[in-house]
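# okay, sequence plus prediction incoming.
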Amino acid sequence: MNGIWTKRRNVIRRAATVAATAGTLIALPAQAFAMHISEGILPAPWALFWYAVALPFVAWGLRDLRRRSEDLLWFKPLVGLVGAAVFLISCMPIPVPTAGTCSHPAGTGLAAILIGPGLTVVVASIALTLQALFLAHGGLTTLGANIVSMGVVGAYVGYGTYRIIRRLGLPWVMAAFLAGLLSDWATYAMTSVELAAALHGGESFSAMLTLILLAFVPTQVPLGILEGFLCAGALKFVRSRKPELLRMAAAGGAA
Amino acid sequence: MKAIDVTGVHFTYDDGTEALSGVDFHVSEGEFVAILGSNGSGKTTLIGLLVGLLKAKTGQIRIGEREIGSLSAEELYQRVGLVFQNPNDQLFAATVEEDVAFGPRNLNLPEAEVERRVTEALAAVAALPLRCRAIHHLSFGEQKRVSLAGVMAMRPSVLILDEPTAGLDPAGEAQMMQLLKKLNREEGLTVILATHSVDMLPLFANRIYVLDHGRVLQEGPSEEIFCHQEMIVRAKLRLPYVSRLMYEMKRHDGVPIDGLPLTIGEARVQLLELIPKELIIAELEEKKA
Amino acid sequence: MKAIDVTGVHFTYDDGTEALSGVDFHVSEGEFVAILGSNGSGKTTLIGLLVGLLKAKTGQIRIGEREIGSLSAEELYQRVGLVFQNPNDQLFAATVEEDVAFGPRNLNLPEAEVERRVTEALAAVAALPLRCRAIHHLSFGEQKRVSLAGVMAMRPSVLILDEPTAGLDPAGEAQMMQLLKKLNREEGLTVILATHSVDMLPLFANRIYVLDHGRVLQEGPSEEIFCHQEMIVRAKLRLPYVSRLMYEMKRHDGVPIDGLPLTIGEARVQLLELIPKELIIAELEEKKA
Amino acid sequence: MFDLFSDIFTYRDNALTRIDPRAKLLIALAALIAVVTAERIVLPLAVLAFCLGAVAILRIPAKLVACRLAAPLSIVAVLVVIQTFVTGKTPLFAFTFAGWQFTAKAEGLRQGTLLGAHVLGAVSVVFLLSIVTPAHRIFQALRWFRISRNWLEIAILMYRYIFVLMDRVADLAAAQRLRLGYTARGRALRSFTTLAGATIIHSLEQAQRTHDAMRLRGYRGTMPFGPLPPLGRRDRLILVSCLIGIAVAYGLLEWGVSG
């Protein structure tokens, strides 16, 4: 017990030292880090591994797309447009009080509620490819890892949260809020795992993971809460204006 | 007093397109000024600069004697208001009332004052009966008027409108222009509108700025502007239809017409002088008398 | 031969608004017909029915002598093509070439034929140089022409356009209308356009249908339509500016004008007859001769 | 933010834009693999130098380059710091700051620098690719690589409509700002949420109209693609020589010189 505690305290101290050295330096790129893992960070074996994890989910999403678009001619244009909208939402700067700068929401929780988790993975994989190719956000070698954290984890956690809370009979606003919040946090947790696995070097994995998680905490905790509000608010907006559109998008989703 | 003072403004977008190259633009309080230009002439960029959405690299922009950069958002948007071309881009509340109240609420006004401003703004655009309607049940013309009310509720002294009559049918167009005229003449608002439709302008605008490729080609009262047929063509515009008729009769048929009538009324007066009295039908003459 | 035959069509939207109540609409092959009406008059609904996007509950719609319901999608879309008001709705590929090829490729044509149709369609709308450009780099006027090319590549015999000149500046408007006239006169296409702008129509349209509240108020050649000033006002429209001038001179000033000139050319002829020859300036007369 | 998406340079005519996108994509992939598997910093830095050189020759504005490289550069800085002070054994130097003891370690520094070089090299490769290949050419190339057609169809629609929606969203956000929707924190959040909701609504409505337009031009559920021409002789030559070049450089810089 004692050992673990001292070790943990050590890690926390180390994290704090890093945060102190880097000063604002860490707060800024921590978001860039967190958003997507940058090109070139992952060693080749890890890059391949995450590709291998991501591919089945993308394939499953594509199967879902094929199935649902078979008798609904408008389904693919719809997925494309929702994808474009979520892409733009994830580019919108939202002010994060603790960072003193703007960060970006992930939007995957919202997308998963609208079109389901499978298609969200597909849409996320496209968005990540476009960003890697044309914006130097994320990367091609890290695409697999980013699909896993942003797409797979974000989408399934968001969707799962929404379904479970709805099934518990709680109001959808709360479900949407928690879906946005948890999908955001889960995405960053997963990103941390991916980074720690690749970067821990000689150190222990858990120490590195704790360090990276801690580095994300100051921006990610409030950002996740904001994302929860965003998810619930946006959904409420759509529900109050054009509920029929929501039903159209759902055709298999959760809303 | 000057309401807007733009001097030597250049603006280049990040992708390298130079949208404005050395524009001077001055509007006095209470004027009704039109920025006339084809698509891509720089109208929208100029508007963007006037409301602080874009920042000019060189040149000076003053809003009511103060440098635009020195004004806070609250100060700026209580001085200038912008009505977008597409009302859909501007209406985001569920009901008309809520949407018009958006601005005043953001000014942290007491609810009674918000209420008063909403009523006033809706009354000003003849949209009081729409107050409790849902935005998405409004017709296009109604949406345009409500989006104008939303801006009016901020009580700006300068009202800028991007293509205020685009998409409106003839009745809606006439109503909108009459409304703007009333706001200008009766409420004393300075009105600036950007447009590429020429026919209505001579009736309403005190002065016209013709923009082309990011430059002011010419500036002056409409009588003066439309005298320069070549300049108008160069700016990818055209004369108002009535003027075109008069222009062709003067130029090609040799009919002696003074200046260039711009409106139906002016053309009528000039033509009647040319037509011999004996040709005018008598019964109608009597009726008129 | 009839290109389009609509008889007694009613249409009610799901929310209960009755958009069309008993419309008859007939167009012969090779005609240039305008559907004129204010916002909300039912123009868009009528167009939606003509291209099969909406289904009429009662009434009959025939496209080229065949019941619309009996035509397969392929047959229908090679007979009628619709150009949307907003080109963004219609341009969904990344480049001009890919977008125009979308229709022909859906018809499973051999690639050489697709290639030929793309070239032909782009040439027809004077957009060949745009071929390899990205859609999002086109100007609004270019987008409009490319979206027209995309429909042309389906080789429909009837071309339907929703507000083809909306948002275009005077130069773009003139170009678009000339283009449509050429397609109609030279290529023999039947052209139907829905619009609320009146000034251009008399020059181009063979016949006009005036729509109001889902009914055809009147139908006929433009000379006839614009004679009925009260009907025009009732439909929330107005006379073309030139006609308005002539109308006021005839009605209020008693100037004897035959019928109602609709275009600048017609007005000029009539006015010149009324103005005494001795008033015409001599030098110009000589210049003309 | 949105200006970053400017792709005007890809439509310029130059030696690199003329190369077949399939060849470019394969070369870029080879370069990426070489960079991320490199054990020394020379190769990634050589790739970085090569790409920046090409970018300079193509006269890409420095502002754009700086914009694209800003985030990766800051990541590199953090990587070096974290790795230096957190991992490794052999102490290099130590200092105390605000009561905290910091020890830099040699292995960490080396590891951090190498990682940094990986990032810079890899990012520069993708950056160069992105300014000489327009999106639709990349989609074509991906089709040749047997990427799922459904995936590509959605990608093409997304790419196209990002630009359309972006204009609308920019106008919506501006309209909110002009009525002081972003002047206080709580208000900003509400405005932002509204903006996101409005974006979704616009996208759903646009989807309906786009689908209508697609149907009227014969859409039957699959976007038709044109034929793919075979890879030309010149492009094959370029591809092979570049791959050999990368392999030789890899051999020399990784295993060569000092053995």
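Done, it's in.
# D:A30: neighbour count?
A total of 18 residues lie near D:A30 under the criterion other CB atoms under 10 Å in any protein chain shown. Just so you know, the C-beta spots here come from the backbone N, C-alpha and C atoms, and that holds for glycine as well.
# contacting residues for A:L55?
By CB atoms under 8 Å, 6 or more residues apart in numbering or on different chains, the residues touching A:L55 are A:G144.
# any idea how far it is from A:S183?
The gap separating A:L55 from A:S183 is 21 Å, by CB to CB, to the nearest Å.
# and chain D, what are its domains?
Chain D breaks down by automatic domain parsing into domains covering D:1-134+D:229-259, D:148-228.
# typo on my end, chain B
Split by automatic domain parsing, chain B gives B:2-89+B:157-238, B:239-289.
# got these as CSV, with distance to D:R217 and mean neighbour count columns?
Shown next, in CSV, are the domains of chain B (distance: least, CB to CB, whole Å; neighbours: other CB atoms under 10 Å in any protein chain shown):
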stretch, distance to D:R217, mean neighbour count
domain B:2-89+B:157-238, 25, 19
domain B:239-289, 36, 17
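# can you give me the strands for the stretch 1-150 of chain D?
Under the criterion DSSP state E, counting those that start in this stretch, the stretch 1-150 of chain D contains strands at D:91-97, D:100-105.
# which strands and helices lie in contact with the last one?
Translated: strand D:100-105. Secondary-structure packing of strand D:100-105 (3 or more CB pairs under 8 Å, 6 or more residues apart in numbering or on different chains; DSSP states H and E): helix A:2-22, helix D:62-86, strand D:91-97.
# now do the last one: distance to the chain's middle.
For strand D:91-97, the distance between its averaged C-alpha position and the chain's averaged C-alpha position is 37 Å (CA atoms, centre = their mean, to the nearest Å).
# and the contacts of it?
So strand D:91-97 is contacted by A:A20, A:T21, D:T84, D:Q101, D:F102, D:T103, D:A104, D:K105, D:A106, D:L109 (CB under 8 Å, 6+ apart).
# which among those gets closest to A:N146?
D:T84 (25.8 Å; CB to CB).
# about what we covered before: quick one, which of the domains of chain B gets closest to C:I68.
Each of the domains of chain B has some distance to C:I68 by CB to CB; the shortest is domain B:2-89+B:157-238, at 28.4 Å.
# so the closest one, near chain C or not?
Yes - interface with chain C: domain B:2-89+B:157-238 contributes B:37-40, B:166-172, B:174, B:196-199, B:236-238 (CB under 8 Å from any CB of the partner chain).
# follow-up on the earlier one: just name the closest of the contacts of strand D:91-97 to chain B, please.
For the contacts of strand D:91-97, the residue nearest chain B by CB to the nearest CB is A:T21; the value is 34.3 Å.
# show me which residues of the stretch 101-250 of chain D are close to chain B?
D:168, D:171-172, D:174-184, D:187, D:194-195, D:198.
# in helices, which of those residues fall?
Among those, DSSP state H puts D:R168, D:D171, D:L172, D:A174, D:A175, D:Q176, D:R177, D:L178, D:R187, D:T194, D:L195, D:A198 in helices.
# so of the domains of chain D, which one's packed in deepest?
domain D:148-228 (a mean of 21; mean count of other CB atoms under 10 Å in any protein chain shown).
# for it, measure first residue to last.
Counting by CA to CA, to the nearest Å, you get 15 Å between the two ends of domain D:148-228.
# quick check: mean pLDDT of that domain?
For domain D:148-228, mean pLDDT rounds to 91.
# all strands for the stretch 101-250 of chain A, in order.
Per DSSP E, counting those that start in this stretch, the stretch 101-250 of chain A carries strands over the ranges A:101-103.
# near chain B, which residues of it?
So the stretch 101-250 of chain A meets chain B at A:S240, A:R241, A:K242 (CB under 8 Å from any CB).
# the first one: neighbour count?
Counted with other CB under 10 Å, residues neighbouring A:S240 total 11.
# how about it, what does it touch?
By CB under 8 Å, 6+ apart, A:S240 lies in contact with B:A94.
# and the pLDDT for it?
For A:S240, the pLDDT comes out at 87.
# what do you get for D:L25?
94.
# for D:L48, same thing?
So D:L48 comes in at 95 (pLDDT).
# D:I19 now?
Value listed for D:I19 in the pLDDT field: 91.
# from chain B, how far out is D:P229?
Separation of D:P229 from chain B (CB to the nearest CB, to the nearest Å): 30 Å.
# what residue spans form the domains of chain A?
Taken from automatic domain parsing, chain A resolves into A:1-30, A:34-249.
# most tightly packed of the ones you listed?
Mean neighbours per residue, mean count of other CB under 10 Å, is largest over those for domain A:34-249, with a mean of 22.
# ok, the spatially closest residue to A:S192 that is not a sequence neighbour to chain C distance?
In this structure, A:S192 finds its nearest non-sequential neighbour in A:I212, 4.4 Å apart by CB to CB, 6 or more residues apart in numbering or on different chains. Between A:I212 and chain C the computed distance is 38 Å (CB to the nearest CB).
# pretty sure A:I212 sits against A:M190.
No - between A:I212 and A:M190 there is no contact under CB atoms under 8 Å: 11.4 Å.
# can you name the residue of chain A nearest to chain B?
Residue nearest to chain B within chain A (CB to the nearest CB): A:S240, separated by 5.7 Å.
# which ones are touching residue 194?
Because you didn't say which chain, this covers chain A. Counting by CB under 8 Å, 6+ apart, A:E194 has contacts A:I37, A:L42, A:W46, A:W50, A:A145, A:V148, A:S149.
# wait, chain D
Contacts of D:T194 by CB under 8 Å, 6+ apart are A:G233, A:F237, B:F92, D:Q176.
# kind regards, and thank you for your time.
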